[in-house]
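**Q** Fold the following, please.
(chains A and B)
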Protein chains: 2
Amino acid sequence: MKIHNFSAGPAILPQVVLKEAAQAVENFENLGLSILEVSHRSKEIVSVMNEAQTLVKELLHLGDDYKVLFLTGGASTQFFTIAMNLLNPEETACYVDTGAWSTKAIKEVHNFGKVNVLASSKASNYNYIPKDWLVPANTKYLHITSNNTIYGTQYKTYPKSDKAILVADMSSDIFSHTFDATQFGLIYAGAQKNLGPAGTTLVIVKKDILGQVTREIPTMLDYRTHIKKDSSFNTPPVYPIYVCLLTLRWLQGQGGLKAVEANNRKKADLLYREIDRNPFFKGVAAVEDRSSMNVTFVANNEAHGAAFLEYCTANGISGIKGHRSVGGFRASIYNAMPLESVAYLVDLMKNFKPE
Amino acid sequence: MKIHNFSAGPAILPQVVLKEAAQAVENFENLGLSILEVSHRSKEIVSVMNEAQTLVKELLHLGDDYKVLFLTGGASTQFFTIAMNLLNPEETACYVDTGAWSTKAIKEVHNFGKVNVLASSKASNYNYIPKDWLVPANTKYLHITSNNTIYGTQYKTYPKSDKAILVADMSSDIFSHTFDATQFGLIYAGAQKNLGPAGTTLVIVKKDILGQVTREIPTMLDYRTHIKKDSSFNTPPVYPIYVCLLTLRWLQGQGGLKAVEANNRKKADLLYREIDRNPFFKGVAAVEDRSSMNVTFVANNEAHGAAFLEYCTANGISGIKGHRSVGGFRASIYNAMPLESVAYLVDLMKNFKPE
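**A** Next comes the predicted model:
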């Protein structure tokens, strides 16, 4: 039975990427060696690192004032690394709290400077993106979580931030749509949703925002260390980065982010239309904030929910159970998810006839 | 032509490991999914994490007072994480400086407490392990680098440390020989030499040494975070850890560390014997400190060195060029290196007839 992988992350990757990724483990670029055993200082791996950086900049139309890094430790490590690199003790960082990941990011800041939570949708279990807030003067940086995997909400436009540095955790919607990346000072994303396997973290940083803090930063946590050494100060996570490169090539082969966005729009529209039409289901997120990556919905009653989950599992749908803090269902339809798989899920929803 | 991979790291892995590693990228445990796209919360991946931890403890004969963690960031991240977790500002950590990696580790400590370098072999380009030193009273921890990849030196016995916590960077010789692991409070190792591909860092920690510092530690840098969540507080580097598991199974299949050590001894003896016999070469490291993992040697003159490197390359030897700070040759003969490949190299040395 064909498996349709709706997992929230680690998540589906393009079939062609997986095929090339397996091939490289057997014999990498006809070297007679596996990519897992090749030195990161070899010209082949240096070329992988360089091409991956170049493709990120091309896809996002970024110039040389930005640096692309492939680090480790996940978005969770960025939560404090950002504050450590950008915030002096007397300065203030502003955050918008749109869910569990924002909350975790906020928790790490007070060790390094002041934190101001401008708005939160916690009281309604994060089912919308707060929009009614202003950035105070003298804010060092403003942090947002662009897409909220658990609740299925997503920023459709990014806040303007004239003076404060705009920082975003884009772990779950990076490369899923076009946007003006030059409005950001720093973008970070764990790879394991839209970019590659678990094991590397993409950081895109505008170089001139660094070097303004007075504290001593441990070498490995200082972005400048990795900028200077092209993400190879120490041994980088070679294979996860290689699989990211394969995905970046695939994204470009699709026609870049404009084409990817159009395809994602089609998939999301198809699924939300069925959720709104089908009397057995209802959507979780506020309509105007609905994510094009993580589609959250619940059944109209608990028994129907259990029956539909069973029906899905029996029919080759994997990873669609909602996060425990929301319940119901979460269909993660990242870039690599084919329209056919979404149509297949929609057909199951249409055919679902609870007793 | 068969390639013999003498690279210092990322380094050779057992052929059977590479074969299974490629298979899992295609179809992991017959799930119909690649291991790269499976959730880290799935029962299959949770089982990978658990088995890897269990095997490390079995191979090292460790009990439940120790915890095995698979983290990220390399040994370089451990350099400051150790001090952050173990050292209060008024306390002193002692280090023995046996090379570039010790030096980098030492550099990160002063941010968190006092550092005392007990001995250094820097003046002779680190070609021996200093042994003439004592640990002062009131030392919080004593740090050593068990094997020095660049210079080819290795501790044959570990220092006794009655009161100070013994900490070791074992990145390049972990699981290569038997030793009493219970004398250590903390052992860490980047995976990419003897354990797996780049992308995960093994940390073995005695639980009762933690919780004694007063500073606030960022969540992701606090060992207790990862102990509590079995290395899955956030998404771990699933695939690198899986390949480590395959290697750990292979190590156990070899008959455990006693058998692995005997095999490593044979390989090292064969190679050092030829270095000592052959008039065209001489060893770099002091005889009593010679590493069984990284065998460093130089040619008797520069022209012969260049000719031998060319001869090696033409005959399928990869990664044998010495580190720039030592020059000459470095044959890294980690656990996975077959005796046949060492014998093949020795034959090339015997057959080498410079003009």
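**Q** What does the pLDDT read for A:T178?
**A** At A:T178, the model reports a pLDDT of 98.
**Q** quick one: the closest residue to it other than its chain neighbours and A:L248, what's the gap?
**A** Excluding its sequence neighbours, the residue lying closest to A:T178 (Cβ to Cβ, 6 or more residues apart in numbering or on different chains) is A:L257, at 4.6 Å. (Glycine included, C-beta is placed from N, CA and C.) As defined by Cβ to Cβ, to the nearest Å, A:L257 lies at a distance of 11 Å from A:L248.
**Q** Okay, helices next: where are they in chain A?
**A** A:15-26, A:43-60, A:74-86, A:100-107, A:223-228, A:238-253, A:256-277, A:302-314, A:339-351 (DSSP state H).
**Q** Neighbours of the nearest residue to A:Y151 once chain neighbours are set aside, how many?
**A** The spatially closest residue to A:Y151, leaving aside those adjacent along the chain, is A:Y126, at 4.4 Å (Cβ to Cβ, 6+ apart). Neighbours of A:Y126 under the rule other Cβ atoms under 10 Å in any protein chain shown: 27.
**Q** In contact with A:A181, which residues are there?
**A** A:L60, A:H61, A:L62, A:Y66, A:I187, A:I204 (Cβ atoms under 8 Å, 6 or more residues apart in numbering or on different chains).
**Q** Let me have the helices of chain A in a markdown table, adding distance to A:G211, mean neighbour count and mean pLDDT as columns.
**A** Formatted as a markdown table, the helices of chain A follow (distance: least, Cβ to Cβ, whole Å; neighbours: other Cβ atoms under 10 Å in any protein chain shown; pLDDT from 0 to 100):
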| stretch | distance to A:G211 | mean neighbour count | mean pLDDT |
| --- | --- | --- | --- |
| helix A:15-26 | 37 | 19 | 97 |
| helix A:43-60 | 21 | 18 | 98 |
| helix A:74-86 | 9 | 24 | 98 |
| helix A:100-107 | 22 | 19 | 98 |
| helix A:223-228 | 7 | 17 | 98 |
| helix A:238-253 | 26 | 24 | 98 |
| helix A:256-277 | 31 | 17 | 98 |
| helix A:302-314 | 51 | 15 | 97 |
| helix A:339-351 | 46 | 16 | 98 |
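**Q** Nearest to B:S47 among the ones you listed would be which one?
**A** helix A:302-314 (19.4 Å; Cβ to Cβ).
**Q** Just the CA atoms of the closest one, as CSV, please.
**A** Provided in CSV are the C-alpha atoms of helix A:302-314 (Å, rounded to 0.1, in the frame of the first residue of the first chain):
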residue,chain,number,x,y,z
GLU,A,302,-15.2,12.3,19.5
ALA,A,303,-16.5,9.0,18.1
HIS,A,304,-16.4,10.3,14.5
GLY,A,305,-12.9,11.5,15.2
ALA,A,306,-11.7,8.1,16.3
ALA,A,307,-13.4,6.4,13.4
PHE,A,308,-11.9,8.8,10.8
LEU,A,309,-8.4,8.3,12.3
GLU,A,310,-8.9,4.5,12.0
TYR,A,311,-10.2,4.9,8.4
CYS,A,312,-7.2,7.1,7.5
THR,A,313,-4.7,4.6,8.9
ALA,A,314,-6.3,1.7,7.2
